[in-house]
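*Asks:* Just to be clear, the model below is a prediction. Sequence and coordinates:
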Amino acid sequence: MSEDCLQVRTGGTEDCLQVRTGSPTITTRPARRDEVAATAEIAVAAYRSEGLLDDDSHYEPVLRDAASRYEQAELLVAVDGDDTLLGTVTVAPHWTPLAQIARDGEMEFRMLSTSVAARGRGIGELLIRAVVDRARELGCHRVVLCVIDVNTKAIRLYRRLGFSRLPERDWQPVPGVQLVAFGLDIDG
């Protein structure tokens, strides 16, 4: 394996991603209970750094409530070889209370966040691949998500990974906040 490639392990599959990191291995796994608070901090810091939260945001308490995500859905993390948290994502199959737009047979992911220090290393893509692997494990036929319409970086990532718009599922959780939906059909 070349030095500019990262060995990636998600759900038994292996890929090579171009990265800028000194760590030879980044893995995804379920978050441990003792990591829940740290995943919340990663999410809040990531959203703030992208200008997606302001001081009176009603969404910040939702991001900080990683304990509920841990209990009601699946909380995945990306870690390096030293077990340092690099990113997190909430995985919500359609039957969980945290699924907002998922329908029968679909897996939804929410609150994809990369630590500010780990940006540019392919962590978001790695976590999305882990979500797709998990969806396959559960027999889901599609992965869905919604993202605020001003988050152009995330939208570019989703499109690059093959997600297509699902405009019929767009919605506004509060006036002035437009969420746009995307989906990726997967084989079982």
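*Replies:* That came through, no problem. Numbers count the residues shown, from 1 in each chain.
*Asks:* Checking the closest residue in space to Pro93 that isn't next to it in sequence next. Helix, strand or coil?
*Replies:* Of all residues beyond its chain neighbours, the one nearest Pro93 is Met107 (5.3 Å), with distances taken as CB to CB, 6 or more residues apart in numbering. From N, CA and C alone the C-beta is placed, and that goes for glycine too. Classification of Met107 into helix, strand or coil gives strand, according to DSSP: H, G, I helix; E, B strand; the rest coil.
*Asks:* try the one 4 residues further on
*Replies:* For Met111, the secondary structure call by three-state DSSP comes out as strand.
*Asks:* which ones are touching it?
*Replies:* Taking CB atoms under 8 Å, 6 or more residues apart in numbering as the criterion, Met111 is in contact with 43, 63, 69, 88-90.
*Asks:* How much space separates it from His141?
*Replies:* Distance of Met111 to His141, computed by CB to CB, to the nearest Å: 23 Å.
*Asks:* on contacts alone, who are the packing partners of the helix or strand hosting Leu63?
*Replies:* Secondary-structure assignment from DSSP states H and E places Leu63 in helix 60-64. Helices and strands touching helix 60-64, by 3 or more CB pairs under 8 Å, 6 or more residues apart in numbering; DSSP states H and E, are helix 36-49.
*Asks:* The helix it packs on packs against which elements?
*Replies:* When contacts are defined as 3+ CB pairs under 8 Å, 6+ apart, helix 36-49 sits against helix 60-64, helix 66-72, strand 74-79, strand 85-93, strand 106-114.
*Asks:* Quick check: buried residues in that helix?
*Replies:* 36, 38-48 (16 or more other CB atoms under 10 Å).
*Asks:* Distance from it to the middle of the chain?
*Replies:* Its chain's C-alpha centre lies 12 Å from the corresponding centre of helix 36-49 when counted by CA atoms, centre = their mean, to the nearest Å.
*Asks:* now do stretch 86-100
*Replies:* Relative to its parent chain, stretch 86-100 has a centroid offset of 9 Å by CA atoms, centre = their mean.
*Asks:* Tell me the confidence at the nearest residue to Leu86 once chain neighbours are set aside?
*Replies:* Leaving aside its chain neighbours, Leu86 sits nearest to Ala118 (4.1 Å; criterion: CB to CB, 6+ apart). Per-residue confidence at Ala118 stands at 94 (pLDDT).
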